[in-house]
Each structure stands twice: as C-alpha cells, then as structure tokens.
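[1] Based on what follows, work out the 3D shape:
(chains A and B)
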Amino acid sequence: MADVGIGWWGVPLAVAAGAVRAGTPFLFVSLGELLTEKSGRINLGLEGTLVMGAMSGYGTAYLTGSPWLGVLVAGITGSLFGALHAGLCSLPRVNDIAVGIALMLFGTGLAFYLGKPLIQPQAPTLPALHLGWWSSIAAVRDALKINGLFIVGALLAPAIVWLLRSTRWGMIVRMVGDSADAARAMGYSVDWVRLLATMTGGFLAGIGGSFLSLYYPGSWSEGLSSGQGITAVALVIFARWSPMNCFYASLLFGGAGALGPALQSVGIHSGYYLFNAAPYFLTLFIMVLTSSSEHRLSGAPSELSITR
Amino acid sequence: MTSELIAGDAAADDRPAVIPAESVIRRDAIGRAAEAVVIPLGALIVSLLLFGVFVAFAGINPLDLYSAMVLGSFGSWFSVQNTLTLASPLVLTALCTALPAQAGLMVIGGEGAFVIGGLAAIAVGLPLSTAAPPALVQLGMAIAGMAAGGAWIAFAGALRHWRGVNETISTLLLTYIGIAVLNHMVEGVMRDPASLNKPATHALPNADMIGNIPGMDVHMGLIYGLIFCVIAYILFFHTTFGFAARMVGGNPRAARLAGLAVGRIVMIVTTLAGAAGGLAGMVEVAAVQGRASATLAAGYGYTGILVAFIARQNPLAVIPVAILFGGINASGGLLQRRLDLPDASVLVLQGIIFVVILASETLFGRFKIFRPKEN
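    The predicted model follows:
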C-alpha cells in the first residue's frame, strides 16, 4: 500500500508524537528535581546540568562510538554537578536558590567551552524502537518511533512513587525534606541525605540532557536547550511533588512544544516562535492557577525554601 | 533608644558600658563595610587562580592569560573605553536583580526586561524619528523601554504578591517568552525586508542615535546607568520608602504587621527593577545596534545577576563591579585572538566567580578583625 496522506490529522498526531519525544527530557529532569526537592532543597541549576549532560554525552558517544556509554557519562556528569550544588549548600549561610542560579550559568558556560569541538562532528545517536511497523501510514510509523529512554522514564515514575512511599530510603528522604530537625534527632545526617538526593537528581537531569543531544534533535549545538531545565523545575511545583503527575505533565509540555513544528509542517508559519514558547506560557499560566498567596502548596516538602 | 546611644559618646569609651557606644557602632559599621569589600575581592582572586588552572589544562600559561586580560580590559585607553562601553548595560541589568533583592525578591529575568525594553524602544523610536527632533525621539524611546521593562517585571511582582507565584521561576520563564516575542516581531511585522540573512527591524536614523560622552568613545548610556544607580541608592537607603522596602525584605510578616502596604512596595520595586533592565535594552538599541534583532539577547541580563550578587545587592557597589565585568567581557576578544581560547571562556570565568562568591558567603562573620570587641 502506498503512503496515505493524512493532512490535518497530522497535527494532533505530531503533537502526540512530540509529547513522547520532546517530553522525555522534561520527564527525566523533573523526576530528578522531584527527588532533590523531596529532601528539602531546590536545585535551579538543573538547566546547566542538562546542558552539561547533553555535551558530555555527545562527546563520549563521538569518542567511543557508543551512545549508551554517552548516556551513562552524562548521568555521572550530572551527579557531579549535583554534588557541587549539595556541597555548596551545606556550607552555613549559603542559599540554595542562589547556588542553583550560579550553577545554571557555570554549567552552560562550561558546556559551551568544552563543546566547541563537538559542533561539527556527528556522533552515533540512540536507536529508536519501531513500534509502528503495523501501519502503512508514514506519519504513524514516524510517530511511533519511540526511544528506549522514554520507556525507562515512564517506568521510573511509578518506581519513584514506590521508593518514596514504601522503602526505608524513601522515608528518610521525605523526613529530611519535611523536618530536618526530626531527622537530626533520629541520628540521620541531613547533609548526607541531601547530597545523595541531589546527586541522584543530577544523574537523571544529565540523562535528560543526553536525550537531547543523542536522540532528539540528536546533535550538539549551543542553542540545544532553551530552558527545558528550568521549565522542568517549574513543572515539579505544578505536579505537586507527585512522580506520576510529573510524568503526565512532561507529556503535556512535550506536546505543547511540538505544536509549533507540527503547525509548520501543515503550512502555518506565522507565530512559529510564539508556538515554540508554548511550554513557557503554559508553565506560567499553570503556576498562576495553582499557586496561592494565602497558604502553602499542598504536597510541598516543608523544608523547601521556594514555597515558604 | 537614641538618647541612650548619644549618652554613651566617645569620651566614655573606657568606661565599661552595657549599651554599645556610638563609636563602637560606627566601628562595627566600618568593619562590616570592610568585610563586604575584602571577602568578595578575595573570592575574585581565588576565582582567577582557579580559572588559571582551568586554562592550564588547555595548554595555556596562566601568566599569559592574566597579562592578556589586563591588557584587554584596562591596558590602554582604547581598552578602557571598550570596558566602560561593555559595563554600561551591566550597570542597569544588575539593578534589575539588586533592587528586588532589597525587598527580599530574587528576580533573575533581567534578560527578558532587556529584550522587551529594546523592542519597545525601537517600536516607538521608528515612527517618532520621522516627526520629532532627536532629543524627543530618545526621550520617547527611553520612556517606552522603561515602561515595557517595568511592566514586564512588575507582572512577576504582582503574580508573586497576589498569587504566590515564585518570582525566580516566573521571571526566568518570562525571559524565554520575551525572547520569543522579540523573534516573532523581528521576523514578522517589524521586519525590515532588506535584512535578509539576519532578520532585524528598520534602523534608527544616525541622527537619532544616542551620542558619546564628550571626549570619549563611550556612549551616554553609561551616564544613564550611573544616574539610575545613584537615584536607586538614595531611594533605598535614605528615604522612608526605602526603609519600608528593606523591611519587607528582612521580614515580610513583621512588615505587614507594622501596617506597611507590602503589595504596593513590591509593585514599585519590581517596576523600578524592570525599568532599569528595559532602559538597558533601549540603550543597546539606541546607542549600539541601532535596530532590534535576535542579537539583543546576548546575555547581559544574566551577567547582571552575577554583578548584583558580587555587589551584595547594593546599587552603588553595582557600579565598580559592573566595570570589572565590563573589563572581563572586553578582554574576551583578546583571549580569543591571542590565546586561541573559545569565546565561551568568559562564561566559564563568570561561572567560576559566581560559584566562589556564593561559597564565600559562608565566611561572613568568621573573621574577628572585622568585628570590634563587644565593650
């Protein structure tokens, strides 16, 4: 059978495909941020971590020829940035939001510096799973090309729910996030728990970055990330610190980001930049709807500075 | 309370007193000021050493690096003028973070106010330029830039006060939205059809551009920034309004209990902050680029955050720190040409400085030399 044109139906299809494709980095970064915030600290520096992850993952894949090794190195780079954040924040009088801003600028700058030689060469990218083999429509086949990392992320969300709810580790993290004094009284080191939570968060954010450079769009450039990291931080607030909500919200944001290119493909070019900024409009709008000046946000860890 | 303080004057210094004498309080203030200068300076030196180690990995002698940096920033009259020119946007974008910080808000959206201010300025300046004399064109552009930037950040202030939306995240989101609006307008209705490869608006006529400071190759925008800093300093440290704003920053609940109109203060402070950022964008358009294009988003807003933090959010201290960073930016070109370092090396240095400066916060109050004895 020949390829069938599906015209305007291509728009919702492309948005759904984009939700999965462009939503994956949001998913990883927001789950990482969620873990960090559950321990009572906010890491705004994940934007920088994301870019560093993208650069180091791409560089590793280029040098070794293995994109999966790139993903691993991106995660390790991310956890190093997480360790830096946690280490600085554990010093007295040092503010976690300010450190996050600093690491956002530092990570971006360092990635641009080290990534200069990587702009030209093409690294091997992550393979996709072709789940659309049954369809004769090219657009459907295209939309069902799904990356393994998305599936990992989709499984990670319920895993984190379980981890936080039912394991000893999860309970310690939540206790540190809700009352550092109680955790201290029980003999747990607040700084160590936060260090591990922030490093794990950085690991996930680094992987989110490697998805950008190794799968979609699948190359390294200085304009690769335009605020996905910071959007993911806002997304955690919107998701009310629930991992499953992070998953749904990531799909929503990915879909919103795919709207511009999808409309362009059916010939609507005006407002391209505005449609591209749709995730930011959406984040801001949702934050306005869900925040309140009267009371704290439900579900927020009590130690979190940003909601106090 | 003042009468007791005045009673314990300098003559009574050797007598043990429970209430600190005025001279002790003054000495304490001097000590704190010295601390606020010495610790950041020390952090800067540590950052430069770390950056030296960093470039050593790229096979560059750190001493060559430092000499190139000094030469490129303050080594000649040409480079000094270059430094001052590059410092001028930073003076204003730093205020965009420093002023809200006085009232306890962490605004990091100076880049957004900058591009929106520049866009508004050219939107008003182009029609005005056909009808009005240059002074009026520039005035109209400045007002448009400040109004647009002010409204931009005040929106985040309003969301913070009435809806509890975190201003750090909202201003950063607004930056991405602002850049999207800039690109949309520059590639859409405001595009000059003659700008083929790099879409831009029509250019402002040369006669309407902001000129140079007499005798220097530095545009008048620097003076705008200095005036803004001095006014902001007086407003925040020598008026009742400034005291109220800083009280909101110190303890919002106490400020509300004291009957202060917190909402109004937040709105005024964020409007002023955005106006500073917007004015910086207007100057960039009216004194440097002559038109608006995507190159407006060159990162001045982000460097401004760093400048504000090093200046410890003080509007007057912003001036020397901005000049220092103007120098770092000015030396970037020489680092590229002479040492073959990538342009992002300036970003790396800025990042190192930011991290070290924040880490140095923990040293405040640790050195006895800055603290006079209690009695």
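[2] neighbours of A:Leu155, just the number please.
    11 (other C-beta atoms under 10 Å in any protein chain shown). From N, CA and C alone the C-beta is placed, and that goes for glycine too.
[3] and the host helix or strand of it, what's its mean pLDDT?
    Element membership for A:Leu155, per DSSP states H and E: helix A:148-166. The predicted model gives helix A:148-166 an average pLDDT of 95.
[4] what's in contact with it?
    If you take C-beta atoms under 8 Å, 6 or more residues apart in numbering or on different chains as the criterion, helix A:148-166 is touched by A:20-21, A:23-24, A:27-28, A:31, A:34-35, A:38, A:71, A:126-127, A:129, A:169-171, A:173-174, A:204, A:207, A:211, A:215, A:242-244, A:246-247, A:250.
[5] Which pLDDT does the model give residue 220?
    No chain was given, so I picked chain A. pLDDT for A:Trp220: 93.
[6] um, chain B though
    95.
[7] The one 5 residues further on too?
    Taken from the predicted model, the pLDDT recorded for B:Gly225 is 97.
[8] one step back: give me the distance from the next helix or strand after the helix holding A:Leu155 to the chain's centre.
    Next in sequence after helix A:148-166, counting helices and strands by DSSP H and E, comes helix A:168-178. The chain centre lies 22 Å from the centre of helix A:168-178; the measure is C-alpha atoms, centre = their mean, to the nearest Å.
[9] Would you mark the buried spots in helix A:168-178?
    Going by neighbour count (16 or more other C-beta atoms under 10 Å in any protein chain shown), the buried part of helix A:168-178 is A:Gly170, A:Ile172, A:Val173, A:Arg174, A:Met175, A:Val176, A:Gly177, A:Asp178.
[10] Would you check which pair of those residues lies furthest apart?
    Greatest spatial distance among these (C-beta to C-beta): A:Gly170 and A:Asp178, at 12.3 Å.
[11] just to revisit the earlier point, list only those of the contacts of helix A:148-166 flagged as buried.
    Those of the contacts of helix A:148-166 that meet the buried threshold are A:20-21, A:23-24, A:27-28, A:31, A:34-35, A:38, A:71, A:126, A:170, A:173-174, A:204, A:207, A:211, A:215, A:242-243, A:246-247, A:250, by 16+ other C-beta under 10 Å.
[12] Give me every residue in the stretch 201-350 of chain B lying close to chain A.
    Counting by C-beta under 8 Å from any C-beta of the partner chain, the residues of the stretch 201-350 of chain B close to chain A are B:Tyr302, B:Ile305, B:Leu306, B:Phe309, B:Pro342, B:Ala344, B:Ser345, B:Val346, B:Leu347, B:Val348, B:Gln350.
[13] Looks to me like A:Val11 is in a helix.
    Yes: checked against DSSP: H, G, I helix; E, B strand; the rest coil, A:Val11 lies within a helix.
[14] Excluding chain neighbours, what is closest to it?
    A:Ala262 (5.0 Å; C-beta to C-beta, 6 or more residues apart in numbering or on different chains).
[15] which secondary structure element contains the one you found?
    A:Ala262 is part of helix A:243-265 when elements are defined by DSSP H and E.
[16] hang on, the earlier thing: from the residues of the stretch 201-350 of chain B next to chain A, which is closest to B:Arg27?
    B:Phe309 (27.0 Å).
[17] Where does the closest one sit: helix, strand or coil?
    Under three-state DSSP, the three-state class of B:Phe309 is helix.
[18] Kindly report the same for B:Phe236.
    Classified using three-state DSSP, B:Phe236 is helix.
[19] Touching, it and B:Gln102? I think so.
    Yes: B:Phe236 is in contact with B:Gln102 according to C-beta atoms under 8 Å; the separation is 5.3 Å.
[20] Need the residues touching each of those two.
    B:Gly242, B:Ala245, B:Arg246.
[21] Could you report the neighbour count for the residue lying closest to A:His130 once chain neighbours are set aside?
    Nearest residue to A:His130 in three dimensions, chain neighbours excluded: A:Lys145, at 5.9 Å (C-beta to C-beta, 6+ apart). A total of 17 residues lie near A:Lys145 under the criterion other C-beta under 10 Å.
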